[in-house]
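Novice: Predicted model, plus sequence, below.
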Amino acid sequence: MKIYDVVVIGSGAAGIMAAITAARDDKSVLVLEKMPKIGMKLKATGGGKCNITNTLDINEFINSFGKQGRFMRDALHKFNQGDLVEFLSKIGLQTHAPDGFRVFPISHNSQSVLDILISEMKRVSVEVKCEQNVQDVKQNDLYIFDIHTNSDNFKSKNLIIATGGLGYSTLGATGDGYGFAKSLGHSVSDLYPAMIPLRVEEKWVQNCTADTIAKAILKIDLPKMKKIKKTGDLIFTKNGIRGPVVLDFSREITPLLHKYKKIPLQISLTKGKNEEEIRVFLKNEAHQNPHDSIVNVASKLVPKSVCIEFCKIINIDIELKYSQIGGVKRDKLIKLLVWTPLSVIGHDGFFKAMITRGGVKLKEINPKTMQSKIVKKLYFCGEVVDLDGPCGGYNLQWSFSSGYLSGCLKD
């Protein structure tokens, strides 16, 4: 039986990058993929537009991942955002950053990214076998890996696990890599869905689904967590909230839902304005438009649908003018415009999650090589490890960077 220099399990961004890197170093490389085609999750990234990376400097990029982000420093120094853009350019894919931050293929089509990567894999003679569901992985006394699939057996001197997490379950994500890691002696942290819409207790949100709230500010109203804030566009749904800021913030919320039945949030729908600023604004608007109802006046701050719901909560007649509202109700309305309380009570699990929070524990992986500290010649890369970042090309860059580093196959 042929013994490959390296077998890569998984064909997402991390696995493809690892395979290309190893093959460019004249290694014999086999990629095993359980789905009928490779790169299906990559193709779905960014709603099919593929936000490849971003333009942040390395320190800001690392800080966006929280305290665990320090682990990726070596990978980013070896293969950073600029290196990724240059790599793609050299193999025939041009990119741009239309907003100065997020980097996309010029086509804004993820298929173009996948096509060029597949072409490069063929050029460097990476062997790919699809519909290979890996059942078992072992390492024998000669440090050779035995990989058993649903239909075949393979041997390899090195093994790279790039199976991704549990997000995008409809595209084959079942968390197999965590099982392989455990069977080889590794520990896996608790796993939670991330980049996911959230369900809330309040019913009024279902009447406000037509509008996007720009630059909403979200914070958790729990002791020791009030400093955690995110800003971005928010959208109300029939049973909760979504939008870029919610997707980012959900990675902080989902672990808490295992500890608390509901998570109280405070949301600024008025771009962080304080009570005095809102009071002055409403007073001036009412003075300039004396015949307008409170709903029309307040709708200069938040969408009209939200104004109506706020008035219902406080029991304000929506036909009244600002000057006709009593002081107590006026104060309540202003406080509601400053910070709107919502209670998160759930989510749709990994079925709707884009990424996974948690994974193979970082303390068991050498950050300079992505090699296991427990099993010689075993490597991990991408989402399977305990690292996750916000929206905006962070997670895809990490996949490419860690894939590159693991593909270097350095002890």
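Specialist: Great, that's in hand.
Novice: Residue 32 is in contact with residue 15, correct?
Specialist: No - Residue 15 lies out of contact with residue 32 (CB atoms under 8 Å); the separation is 9.1 Å. For every residue, glycine as well, the C-beta is placed using N, CA and C.
Novice: out of these two, which sits in the busier spot?
Specialist: Taking neighbours as other CB atoms under 10 Å, residue 15 and residue 32 compare with residue 15 leading, 30 against 25.
Novice: And that one, how far from residue 308?
Specialist: As defined by CB to CB, to the nearest Å, residue 15 lies at a distance of 50 Å from residue 308.
Novice: Repeat that for residue 143.
Specialist: With CB to CB as the criterion, residue 143 and residue 308 are 68 Å apart.
Novice: Name the residues that touch the lowest-mean-pLDDT helix or strand in the chain?
Specialist: Taking mean pLDDT, DSSP states H and E as the measure, helix 40-44 is the helix or strand of the chain with the lowest mean score, a mean of 87. Applying CB atoms under 8 Å, 6 or more residues apart in numbering, the external contacts of helix 40-44 come out as 12-13, 16, 50, 110-111, 113-114, 117, 164, 168, 171-173, 396.
Novice: Also stretch 100-115?
Specialist: So stretch 100-115 is in contact with 38-39, 42-46, 48-56, 81, 85, 88, 93-98, 392-393, going by CB under 8 Å, 6+ apart.
Novice: Please narrow those to those residing in helices.
Specialist: 42, 43, 44, 81, 85, 88 (DSSP state H).
Novice: can you count the residues close to the third one?
Specialist: Read it as residue 44. 15.
Novice: now the first one
Specialist: Here the count is done by other CB under 10 Å, and residue 42 has 25 residues near it.
Novice: Likewise for the fifth one?
Specialist: Residues lying near residue 85 (other CB under 10 Å) number 19.
Novice: Can you give me the distance of it to residue 41?
Specialist: 21 Å.
Novice: export stretch 296-305 as PDB, just CAs?
Specialist: The C-alpha coordinates for stretch 296-305 follow below in PDB (Å, rounded to 0.1, in the frame of the first residue of the first chain):
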ATOM      1  CA  ASN A 296     -43.100  61.200  13.500                       C
ATOM      2  CA  VAL A 297     -40.700  63.100  15.700                       C
ATOM      3  CA  ALA A 298     -39.000  60.100  17.200                       C
ATOM      4  CA  SER A 299     -38.800  58.400  13.800                       C
ATOM      5  CA  LYS A 300     -35.900  60.800  13.100                       C
ATOM      6  CA  LEU A 301     -34.000  58.700  15.600                       C
ATOM      7  CA  VAL A 302     -35.300  55.100  15.000                       C
ATOM      8  CA  PRO A 303     -37.600  53.500  12.400                       C
ATOM      9  CA  LYS A 304     -41.300  54.400  12.700                       C
ATOM     10  CA  SER A 305     -42.200  50.700  13.400                       C
END
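Novice: Perfect, that will be all.
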